[in-house]
Structures are given as C-alpha cells and as structure tokens.
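Student: Everything below, folded, please.
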Amino acid sequence: MAKEPSLSELARRLEDARRDIRDDIAEMRVQHDRDLQVIATRLDLFVTRDRYDAERSAVLDRVGRTEKDIERIRGNARWALGVALTAFIGPIAVAVIVWLV
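Tutor: Residues are numbered from 1 along each chain as shown. Now for the predicted structure:
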C-alpha cells in the first residue's frame, strides 16, 4: 500500500497551494491593471461620432466658403483683366480710327 501523507504534510501542501493561488491572483491583478491602462490609453484616442460629425461639418463649411471666395476672386480678376485690356486697346483703336479718317 502506498504511503499516505501525514496531516502535517497535507497542511503544508494546502498552505503551498494557497500561497501559489494568492501569488497567481496577485500577478493576474497586476496584468489586469496593465490591460486597463492600455485600454484607457486607446480610449483617450477615441473620438465620439458626434464630435467627428461636427468637425467634419465645420471643415466642409470652411471648404465651401473658400470655394466661394475663390470664385469671387476669379470673377474680380476677369473683370480687372477686361478693364485693363479695354484701357489698353481703346486708345489704340481711337488712334487708328483718327489716323484713318
């Protein structure tokens, strides 16, 4: 028959098992805390859908205003070019007409 462990040996083994379990739980808590820190860091980078939509809407509004400003400036440039050409060609045309008459 196999030798049975004594009560003191069983108590020692139970105490060793408890100590191992306590150490394992402590390690799991440390790892859990690390995991929570990683998740918290990632959540800090997270942007809510409402904020994303608001910022996107603001950017689209700015782009729209900028496009309108560009069109207005182009219209002014076309007008200025027409005035400059008229101011330059007008006197030449008058001089040619006077010279021919």
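Student: Can you list the helices and strands that the helix of greatest length in the chain packs against?
Tutor: Using DSSP state H, we find that the single longest helix of the chain is helix 49-100. Applying 3 or more Cβ pairs under 8 Å, 6 or more residues apart in numbering; DSSP states H and E, we find helix 49-100 packed against no helix or strand. Using the backbone N, CA and C atoms, a C-beta is placed for each residue, glycine as well.
Student: Quick test: name the residue nearest the centre of the protein.
Tutor: residue 47 (7.7 Å; Cα atoms, centre = their mean).
Student: pLDDT averaged over the longest helix of the chain - what is it?
Tutor: Regarding helix 49-100, the rounded mean pLDDT is 93.
Student: Which residues are in contact with residue 82?
Tutor: With contact set as Cβ atoms under 8 Å, 6 or more residues apart in numbering, residue 82 has no partners.
Student: I'd like the distance from it to residue 36, if you could.
Tutor: To residue 36, residue 82 is 69 Å away according to Cβ to Cβ, to the nearest Å.
Student: Now do the residue nearest to the centre of the chain against residue 81, distance only.
Tutor: Distance from residue 47 to residue 81, counting by Cβ to Cβ: 46 Å.
Student: again with residue 38
Tutor: 61 Å.
Student: Residue 28 now?
Tutor: Distance from residue 28 to residue 81, counting by Cβ to Cβ: 76 Å.
Student: same thing with residue 18?
Tutor: Residue 18 sits 92 Å away from residue 81, going by Cβ to Cβ.
Student: same check, this time on residue 99
Tutor: In terms of Cβ to Cβ, residue 99 sits 27 Å off from residue 81.
Student: again with residue 8
Tutor: Computed as Cβ to Cβ, the residue 8 to residue 81 distance reads 106 Å.
Student: just residue 45 next, same as before
Tutor: For residue 45 relative to residue 81 (Cβ to Cβ), the value is 50 Å.
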